[in-house]
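Asker: dropping the sequence and predicted coords here.
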Amino acid sequence: IVVFQELLLGDNSKAMKTFGEIAGLVSEKLPYEFAGVAEGNSLCLRLPEDYHFSGSPLRLKSKVVHGFQRGSKQLGFPTANLHVPTIETQISGLKRGVYFGWAKVNFKDKARSRELGTAPRKVVVNVGQRPSFEDGTDVTIEVHVISEVVEDFYGEEMRVVLLGFIRPEMKFDGIQGLVSRIRRDIGIGSKMLDIDAHKAFAVDA
Ligand code: ADP
Ligand code: RBF
Ligand code: MG
């Protein structure tokens, strides 16, 4: 719930729109609704119930598999694709959309583990069907490691803990729209992970 205090406008519906815009809810295309007027004439706006990720923390462990190679080449955001069949039961019922969390990679070759194997990394994860592209409707789980990674880690075991939901998956008309939206997802995810309650999971076993 977003609360606006010391509201000066009298008209609720007008105020709702104005404040929805200020809160970025309108530009983010997020649905919100009027949740009442609180003490001191504050206005409350609420996001739908299902924005709450009740499955948090969700721990996934999977091999990194190959996708279409589009993440890095076309969008500039490489995504480590998880092997869906091995985590099928865990992700059944998981809402399609973008999540944030932490990830670590268990390198088989210990010399390679210096980079990703040592410290947990901030990640944003897309669980979905990529409606902006015509590449099928199978659900993929794609993990973008926020800090830059130079090497590939195909075939390695990745462990991910999903902590929160950012938004539903959307259909974009062009790559530019998707790319700038992913940039925002990364900003939101990164900030959320700096919150103590989420930071705590960086050392999750
Ligand atoms: P694919 O379609 O095969 O998943 P991508 O273009 O999405 O290909 O690139 C993903 C691969 O790039 C990952 O599997 C991983 O090996 C590597 N990679 C390098 N940097 C990153 C990063 N920051 N986040 C995720 N994967 C990365
Ligand atoms: N694809 C979509 O079609 N719609 C989305 O809203 C969407 N959001 C994404 C958010 C993030 C953070 C990431 C990493 C990917 C997202 N994708 C989305 C998936 C993207 O289309 C996919 O990574 C590439 O097409 C490579 O498979
Ligand atoms: Mg990928």
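Answerer: Received the coordinates, thanks. Ligands and ions are numbered 1, 2, ... in the order given.
Asker: so what does Glu156 look like in phi/psi?
Answerer: phi -90, psi 160 (degrees, to the nearest 10).
Asker: that one: neighbouring residues, count only.
Answerer: By the criterion of other Cβ atoms under 10 Å, Glu156 has 19 neighbours. C-betas here are computed from N, CA, C, even on glycine.
Asker: grab the nearest non-local neighbour of it.
Answerer: Val105 (5.1 Å; Cβ to Cβ, 6 or more residues apart in numbering).
Asker: how far away is the residue nearest to Arg46 when sequence neighbours are not counted from Pro78?
Answerer: Sequence neighbours aside, Ala35 is the residue nearest to Arg46 in space, at 3.8 Å (criterion: Cβ to Cβ, 6+ apart). Distance of Ala35 to Pro78, given as Cβ to Cβ, to the nearest Å: 39 Å.
Asker: higher neighbour count, the two?
Answerer: Pro78 (19 against 15).
Asker: isn't the more buried one right up against Phe68?
Answerer: No: the pair Pro78 / Phe68 is not scored as a contact, 11.7 Å apart, by Cβ atoms under 8 Å.
Asker: so His198: helix, strand or coil?
Answerer: Of the three states, His198 takes helix under DSSP: H, G, I helix; E, B strand; the rest coil.
Asker: which stretches of this protein form strands?
Answerer: For the chain, the strands defined by DSSP state E occupy 2-4, 33-38, 42-46, 58-65, 80-82, 97-106, 121-128, 140-145, 157-168.
Asker: buried stuff in the third one?
Answerer: Think strand 42-46. Using 16 or more other Cβ atoms under 10 Å as the test for burial, strand 42-46 gives Leu43, Cys44, Leu45.
Asker: off-centre distance for the longest helix belonging to the chain?
Answerer: When the chain is parsed with DSSP state H, its longest helix is helix 175-193. The chain centre lies 8 Å from the centre of helix 175-193; the measure is Cα atoms, centre = their mean, to the nearest Å.
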